[in-house]
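K.L.:
Task: produce atomic coordinates for the following.
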Amino acid sequence: QVQLVESGGGLVQPGGSLNLSCAPSGNIIRLDDMGWYRQAPGKERELVATITSGHMIDYNDSVKGRFTISRDNAKNTAELQMNSLKPEDTAVYYCNAEVLYYSGGVYNNVDIWGQGTQVTVSS
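P.N.:
The predicted structure follows:
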């Protein structure tokens, strides 16, 4: 079974920093486009940042200059460095990726979500 596993969430004071990581488990061949999304209570899930396999990056305007997305294609991992955190950044953060994997003699290309990691910014 192929999964994405996030880590690094937690409680931080306003102005603080957190680093989120996303790593796959299973027989992964390659991760293509990857992204981080977040969902706050009572709100719809929104894009935070995306990065292609060629390292083309896009950010939600609300996080530009504060968050940095990166990836390691050799390790098939992605990170989200979050600085100058604000209370409005509080949400469950999800990793998403287009995954190519091999199973049962077949190559599969699917879109996968992680289980999410809670980020709480509060004094």
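K.L.:
Tell me the pLDDT of the residue of the chain positioned farthest from its centre.
P.N.:
Largest separation from the mean C-alpha position in the chain: residue 105, at 29.2 Å (C-alpha atoms, centre = their mean). We have a pLDDT of 90 for residue 105.
K.L.:
Please report the distance of it from residue 24.
P.N.:
20 Å (C-beta to C-beta, to the nearest Å). In this view, the C-beta of every residue, glycine as well, is placed from N, C-alpha and C.
K.L.:
again, but for residue 96
P.N.:
With distances taken as C-beta to C-beta, residue 96 is found 12 Å from residue 24.
K.L.:
Walk me through which strands the host helix or strand of residue 47 pairs with, and which way each runs.
P.N.:
Here residue 47 sits within strand 46-51, counting by DSSP states H and E. Partners of strand 46-51 in the sheet, by DSSP bridges, are strand 28-39 (antiparallel), strand 57-59 (antiparallel).
K.L.:
ok, the closest residue to residue 53 other than its chain neighbours - contacts?
P.N.:
Among residues not flanking residue 53 along the chain, residue 32 sits closest, at 5.4 Å (C-beta to C-beta, 6 or more residues apart in numbering). Neighbouring residues of residue 32 by C-beta atoms under 8 Å, 6 or more residues apart in numbering: 52-53, 97-100, 109.
K.L.:
Max pairwise distance over those: which two?
P.N.:
Farthest apart among the contacts of residue 32 by C-beta to C-beta are 52 and 109. That separation is 15.0 Å.
K.L.:
which residue packs closest to residue 57, ignoring adjacent ones?
P.N.:
residue 51 (5.1 Å).
K.L.:
Likewise for residue 36?
P.N.:
residue 48 (4.3 Å).
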